[in-house]
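Student: What follows is a predicted structure for the sequence shown.
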Amino acid sequence: MRRRCHLRFPGGTAYARQGTTYRKSENVECFHSYTSSLEGISLAEWSIVSRLRVPGLITGLATTARNLFRRAHTRQYPDRQPDLPPRSRGVIALLEENCTSCMLCARECPDWCIYIEAHKETVEVPGAARPRQKNVLDEFVIDFSLCMYCGICIEVCPFDALFWTPEFEYAEHDIADLLHDKQRLRDWMPTVPAPVTTDVLGEPAPEIVAAHAAAGTEGSTR
């Protein structure tokens, strides 16, 4: 019974294998055949076989033995919720009041998963020489079946209309339900975590101050 293995040799003569000839070249693998009784195998060739097989086998067995008696880290989701960082990238929320329909997020999105529709309205400003125009957002849709959660849209938004929220439980049976319109994106806003003050001795974030002022309470992130 003849057995064949694939050994890598630097150069060497051409070897025949089942009627196929492998030519010699600088970077070509040469195939060496040997019998099951290991007859004709030189010491150098057997050393190459040992170096190829034994270290990988020992490493694999060592990894198995090292983890054999360790406790499993499996979390029984959904009975036990994962402990996610507060700034996790779960789903994107939209604050419609801040959106000016500049289309910057849709243009910069590498997946083209943001779709925006808007129109212009004329606004009469008292004391102004002429009426002004403003963009009114009609539709804002994010296709989360295409989104790769890179966060570019949030970074490029000049008016802080898009936010990350750690909520991740929005899987759907129908892929069409992953199209989140502006109302559904707005519904994620209460789950947006509060901004973190980078300096413990610094002033609280303007968003927190505005929120407490609107609620008539006092508070701080410190």
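Tutor: Looks like it came in fine. Remember, it's a predicted structure, so these values are computed and weren't measured experimentally. Residues are numbered from 1 along each chain as shown.
Student: gap between residue 208 and residue 132?
Tutor: Here residue 208 is placed at a distance of 32 Å from residue 132 (CB to CB, to the nearest Å). The way it works is simple: take the backbone N, C-alpha and C, and place the C-beta from them, glycine included.
Student: Those two: who's more crowded?
Tutor: Taking other CB atoms under 10 Å, residue 208 and residue 132 do not tie; residue 208 has more neighbours (16 against 10).
Student: Paired strands for the strand ranked longest in the chain, with orientation please.
Tutor: Using DSSP state E, we find that the single longest strand of the chain is strand 132-143. Strand 132-143 has these partner strands in its sheet, going by DSSP bridges: strand 114-123 (antiparallel), strand 179-180 (antiparallel).
Student: With mean pLDDT as extra columns, can I get these in CSV?
Tutor: Converted to CSV, the strands paired with strand 132-143 look like this (pLDDT from 0 to 100):
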stretch, mean pLDDT
strand 114-123, 92
strand 179-180, 94
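Student: Output those strands as CSV; include the columns distance to residue 140 and mean neighbour count.
Tutor: Shown next, in CSV, are the strands paired with strand 132-143 (distance: least, CB to CB, whole Å; neighbours: other CB atoms under 10 Å):
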stretch, distance to residue 140, mean neighbour count
strand 114-123, 5, 13
strand 179-180, 9, 20
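Student: The ones you listed: which one's closest to residue 85?
Tutor: strand 179-180 (22.6 Å; CB to CB).
Student: outside of the closest one, which residues touch it?
Tutor: Residues outside strand 179-180 that contact it (CB atoms under 8 Å, 6 or more residues apart in numbering) are 91, 141, 142, 143, 144, 145.
Student: Now do the domain split for the chain, please.
Tutor: 2-68, 91-191, 192-222 (automatic domain parsing).
Student: Mind checking the strands paired with strand 132-143 for the one nearest to residue 77?
Tutor: strand 179-180 (22.8 Å).
Student: Noted, bye for now.
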